[in-house]
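Chemist: sequence and computational prediction follow.
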Amino acid sequence: MSKSLTPNQSSGTTPTSWFATAPSLPVFGVLEKDMSADVVVIGAGIAGLTTAYLLGREGKKVIVLEDGEIASGESGRTTAHLSNALDDRYTTLEQLFGKEGAKLAAESHGAAIDQIEKIVLEEKIDCDFTRLDGYLFLPQNGTEKELVDEREAAHRAGLTDVRLMPDAGVIGFETGPCLVFPNQGQFHILKYLSGLAEAIGRQGGQIFTRTHAIEVHGGSPARVTTAKGHEVTAKAVVVATNTPFNDRVVMHTKQGPYRTYVIAAKVPKGSVTKALYWDTADPYHYIRVQEVTEGPRGGQTDYDLLIVGGEDHKTGQEDNPEERLRCLEEWARARFKAIKSIEYRWSGQVMEPVDGLAYAGRNPLDDDNVYIITGDSGHGMTHGTLGPMIITDLIQGRSNPWAKLYDPGRVTVKPESAKEFIRENLNVASEYTDLLTGGDVSKEAEIEPGTGAVLRRGITKVAVYRDEKGATHECSAICPHLGCVVHWNKLETSWDCPCHGSRFDAFGKLLNGPANSDLVPVK
């Protein structure tokens, strides 16, 4: 293992504040031979590395396979909130899963924050971890009854210290009526993952990067085959790749891919109270402060970064993502007068489950020793920790109080989740009509340098990217997952599938699943 000179940000071209403020990340080698282990984990974001760490702590021999570098997927594009104030609110979770289910959800996310804190202390990871309050406030058209109802539901879920306040009373932001959720947390995700990777090495675990897994087979033994033809055999496989590539259909009917947008703004130190902030809008906004202790060229700074996220939409279904960032900046400047300048703008991808809770456990319709972690929604940091806690117990043959709640095979039959299931899948079905329409432009000459467009060519469609020098590069516009037509994302210069969220770079190289191969080149 060595240290990298420059961080990898392969799932997006927009720079995040995390990579800009992190020390160099560990770099690992490529898998060059067949190997065996107790467990093979696919994915080196927070879910994959936490799984490897927890299993290594139990004495398991673990191998991690990552097709980029560590944190090169969505973990490096988070805002790193650690919270048990869940996005779908306890009023909704109680309707879907009952009082006991809502209570287990609150308990599990709280336990995840505790687990992160424990790992930080035991492994001495310097990652800016801190406990702090979180505030849920109303948008302009909100009513205080929303907060009262949510407080009562949170109390029934066991969060009895949640209280209603006329205003948060913080510096730099007037929340108005809000709920305070004590004992939340935040950290620097890349510093944390760097420390976690090093701890895995100390345990004897092995991490291989730039190693693309193409096939997963359960059974005895389980097998993972890589693009270079090597095979890793194990007693169990855990797929922790944001969305599972080894499940072609089932899980992708139960969750939808969404792009979310983030800005990081310079604010004077101490001008905004360090806390977590969320509103009840749909889509909602989420805010936190990232302390910046050292400038890019060394020396102390007189500013911190205010990180503001929101403006979510279905992946591949927005023609003007820059407008989303503009709206987010306008929203933030109207509320945080301390903002001096916007330093970073980026987007990320989240998987939204149709019933509000993520999935962690055995992969449906697969062998019992194949596990998945997905559907993190806006809680990737805590679910990327509690999911590995569940799977570690399952692999070790122990019962886990949350396993049933997060079971990937669950079916939630309440009307609210059924409506969402139908809505999401009708949305997917409607995207297939792109197969019958004309292209974005009628001819290549209309494509500006540095951009892409889909053209109809005979009975098929072609994704054409014109580089900055004017040369064109062509791929099939048909996603290799389930055949949707990809759309151009001019913010991230990528081809995004509007059906299930697969993403490819401008030249057609795979960035995100569930597709597991590149767009087919056009010759």
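Modeler: Good, I have the coordinates. Residues are numbered from 1 along each chain as shown.

Chemist: okay, helices next: where are they in the stretch 151-300 of the chain?
Modeler: 189-203 (DSSP state H, counting those that start in this stretch).

Chemist: so where is it shaky, pLDDT-wise?
Modeler: In the predicted model of the stretch 151-300 of the chain, residues 295-299 satisfy pLDDT under 70.

Chemist: mind listing the strands for it?
Modeler: For the stretch 151-300 of the chain, applying DSSP state E, counting those that start in this stretch gives strands covering 163-165, 178-186, 206-208, 213-217, 222-226, 231-234, 236-239, 255-268, 276-279, 286-290.

Chemist: name the residues that touch the second one?
Modeler: Think strand 178-186. 80-85, 110, 113, 116-117, 128-138, 147, 150-151, 154, 159, 161-165, 167-168, 276, 288 (C-beta atoms under 8 Å, 6 or more residues apart in numbering). For glycine as for every other residue, the C-beta is placed from the backbone atoms N, C-alpha and C.

Chemist: tell me which of the strands of the stretch 151-300 of the chain is the most buried.
Modeler: Of all the strands of the stretch 151-300 of the chain, strand 236-239 has the most neighbours on average by mean count of other C-beta atoms under 10 Å, namely a mean of 28.

Chemist: each with direction, which strands does that one pair with?
Modeler: The sheet places strand 236-239 alongside strand 39-42 (parallel), strand 370-374 (parallel), with pairing taken from DSSP bridges.

Chemist: which other residues reach it?
Modeler: Under the contact criterion C-beta under 8 Å, 6+ apart, strand 236-239 has outside partners 38-43, 48, 51, 216, 218, 222, 224, 245-246, 363, 369-373, 388, 391, 395.

Chemist: make a PyMOL selection of whichever of those residues turn out to be buried.
Modeler: The PyMOL command for the buried members of those (criterion: 16 or more other C-beta atoms under 10 Å) is given here:
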select buried, resi 38+39+40+41+42+43+48+51+216+218+222+224+245+246+363+369+370+371+372+373+388+391+395
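
Chemist: poorly predicted segments of the stretch 351-500 of the chain, please.
Modeler: Scanning the stretch 351-500 of the chain for pLDDT under 70 picks out 413-425, 428, 431-432, 436.

Chemist: how about the helices of it, start to end?
Modeler: 380-395, 415-431.

Chemist: same question for the top helix by length along the chain, mean pLDDT?
Modeler: Using DSSP state H to define each element, the chain has its longest helix at helix 89-122. When pLDDT is averaged over helix 89-122, the result is 97.

Chemist: quick check: buried residues in it?
Modeler: For helix 89-122, the neighbour count (16+ other C-beta under 10 Å) marks 89-97, 101-113, 115-117, 119-120 as buried.

Chemist: please report the distance of Lys60 from Ala37.
Modeler: Counting by C-beta to C-beta, to the nearest Å, the separation of Lys60 from Ala37 is 8 Å.

Chemist: what of Cys497?
Modeler: According to C-beta to C-beta, Cys497 stands 32 Å off from Ala37.

Chemist: again with Gly513
Modeler: Counting by C-beta to C-beta, the gap from Gly513 to Ala37 is 22 Å.

Chemist: equivalent analysis for Gly375, please.
Modeler: As judged by C-beta to C-beta, Gly375 and Ala37 stand 26 Å apart.

Chemist: same check on His473?
Modeler: Counting by C-beta to C-beta - His473 and Ala37 are separated by 39 Å.

Chemist: so which of the two has more stuff around it?
Modeler: Ala37 (23 against 15; other C-beta atoms under 10 Å).

Chemist: SS state for the nearest residue to the more buried one once chain neighbours are set aside?
Modeler: Spatial nearest neighbour of Ala37, excluding adjacent residues (C-beta to C-beta, 6 or more residues apart in numbering): Ile63 at 4.2 Å. Using DSSP: H, G, I helix; E, B strand; the rest coil, the structure places Ile63 in strand.

Chemist: tell me what Ile63 is bridged to.
Modeler: Residues in beta-bridge contact with Ile63 (DSSP bridges): Val40, Gln206.

Chemist: report pLDDT for it.
Modeler: On pLDDT, Ile63 comes in at 98.

Chemist: check the one 5 residues further on too.
Modeler: The model reports Gly68 with a pLDDT of 94.

Chemist: neighbours around it, how many?
Modeler: 20.

Chemist: phi, psi for it please.
Modeler: Dihedral angles of Gly68 (phi, psi; degrees, to the nearest 10) stand at phi -110, psi -130.
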